[in-house]
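1. Sequence unavailable; structure follows:
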Ligand code: HEM
């Protein structure tokens with residue numbers, strides 16, 4: 001719908017010209033550097049007049065949230081992916097279904113955390129600016145701040161999204177790639193949404209922070225690779241032995257968390273690409289990035305890079321692309337008082 005691929009070069013140039021401030025830079029100087037309105041209705045600084053304090057409020061709340069529990073940072077980054085890939089970035093993941101037929105009830109939403117925290121941030125924003133800021137924008141800002149608070153870039157975030165009123169389990173089941181995906185599957189899941197191989201390989205770099213439950217990878221990689229009752233031969237043997245200690249064989253719903261980038265799970269850095277290159281990434285879908293010459297070349301270059309600068313710039317572009325998927329703007333959708341309304 002609103003995603004406009006031909007404008008990508010404009011965005012790339014705009015984002016490249018923006019000020020990239022890795023780490024704990026002064027937020028005030030890092031925001032608002034993206035000029036233009038590449039998707040009608042979305043803009044950096046959209047709330048400058050109607051709720052000038054929104055970015056500060058979200059950041060302050062995110063600081064408090066991750067100070068209490070660092071694992072919620074990565075969880076809220078993942079949250080934006082699950083929002084945007086399903087019916088676009090419209091906070092439909094927050095809606096509740098009385099009949100368990102909403103996005104929350106879908107298989108890929110398993111283990112998704114952050115619902116309460118999005119609501120908590122929304123309540124703070126609502127107190128300052130009633131019925132002004134959408135939940136979809138709060139999700140996008142919280143994801144950016146999760147990256148920033150993990151020492152990643154504080155890139156400008158476009159706002160102006162409005163919230164959807166529909167949430168369907170089957171959409172989430174269909175549109176989110178499972179961790180068993182191969183490279184053809186992954187590129188297809190992304191391309192049907194208007195995103196390319198670069199978005200795929202760059203956004204997969206999000207797996208440089210956070211954790212996954214054993215049930216999401218143990219069967220595929222440790223105990224039943226290709227349904228043959230074996231370990232994935234491409235997985236580094238020493239790493240596999242460590243994973244086997246964490247994830248017991250034969251447990252179907254093992255919720256034990258394992259860090260996705262074992263060296264620096266809390267730091268947004270190039271660790272993910274080094275993991276993929278050294279066969280110590282967790283999912284088949286991570287390893288699959290080595291099966292396409294473009295994604296592999298990117299992994300190799302980032303794994304060898306001395307500075308994360310290029311990755312950070314690419315990440316800002318890719319997150320902006322994802323943040324534009326099928327957005328509701330203008331008079332479409334709504335601004336709700338609470339994000340987790342019941343729909344049916
Ligand atoms: C490319 C396809 C992708 C697949 C197959 C995939 C799959 C997964 C799975 C299965 C988990 C573990 C969930 C759990 O056990 O609780 C996970 C975690 C995570 N994913 Fe992805 N993901 C993909 C892309 C992305 C993207 C595009 C982002 C962000 C923009 C992202 C961010 C994260 C983060 C930060 C975590 C850690 C969550 C936490 O610690 O709670 N992923 N992903």
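-> Perfect, thanks for sending it. Please read these numbers as outputs of a predicted model, since none were measured by experiment. Residues are numbered from 1 along each chain as shown.
2. going forward, measure contacts between C-alpha atoms and count neighbours the same way
-> Noted.
3. The ligand contacts on the chain?
-> Residues of the chain lying near the ligand by C-alpha under 6 Å from any ligand atom: 71, 74-75, 77-78, 81, 111-112, 177-179, 200, 203-204, 206-207, 209-213, 216, 285.
4. how does it look with 5 Å?
-> Residues of the chain found near the ligand (C-alpha under 5 Å from any ligand atom) are 74-75, 77-78, 81, 111, 177-179, 203, 206, 210-213.
5. Show the residue spans covered by the helices in the stretch 1-150 of the chain.
-> For the stretch 1-150 of the chain, the helices defined by DSSP state H, counting those that start in this stretch occupy 8-17, 27-30, 54-68, 72-84, 115-128, 135-148.
6. Deepest-packed of those helices, please.
-> helix 135-148 (a mean of 27; mean count of other C-alpha atoms under 10 Å).
7. Contacts for the next helix or strand after that one, please.
-> Per DSSP states H and E, the first helix or strand lying C-terminal to helix 135-148 is strand 158-159. Applying C-alpha atoms under 8 Å, 6 or more residues apart in numbering, the contact partners of strand 158-159 are 42-47, 137, 320, 323.
8. so of these, which ones are in strands?
-> 43-44 (DSSP state E).
9. Distance check, residue 79 against residue 136.
-> According to C-alpha to C-alpha, to the nearest Å, residue 79 stands 11 Å off from residue 136.
10. Looking at the residues of the chain next to the ligand, which one is closest to residue 189?
-> Nearest to residue 189 among the residues of the chain next to the ligand: residue 177, at 6.4 Å, using C-alpha to C-alpha.
11. mind checking the SS state of the closest one?
-> coil (DSSP: H, G, I helix; E, B strand; the rest coil).
12. Next, it: phi, psi?
-> Backbone torsions of residue 177, given as degrees, to the nearest 10, read phi -70, psi 140.
13. can I assume it is in contact with residue 184?
-> No - at 11.1 Å, residue 177 does not count as touching residue 184 under the criterion of C-alpha atoms under 8 Å.
14. Who has more neighbours out of those two?
-> Shown here are residue 177 and residue 184; by other C-alpha atoms under 10 Å, residue 177 has more neighbours (19 against 12).
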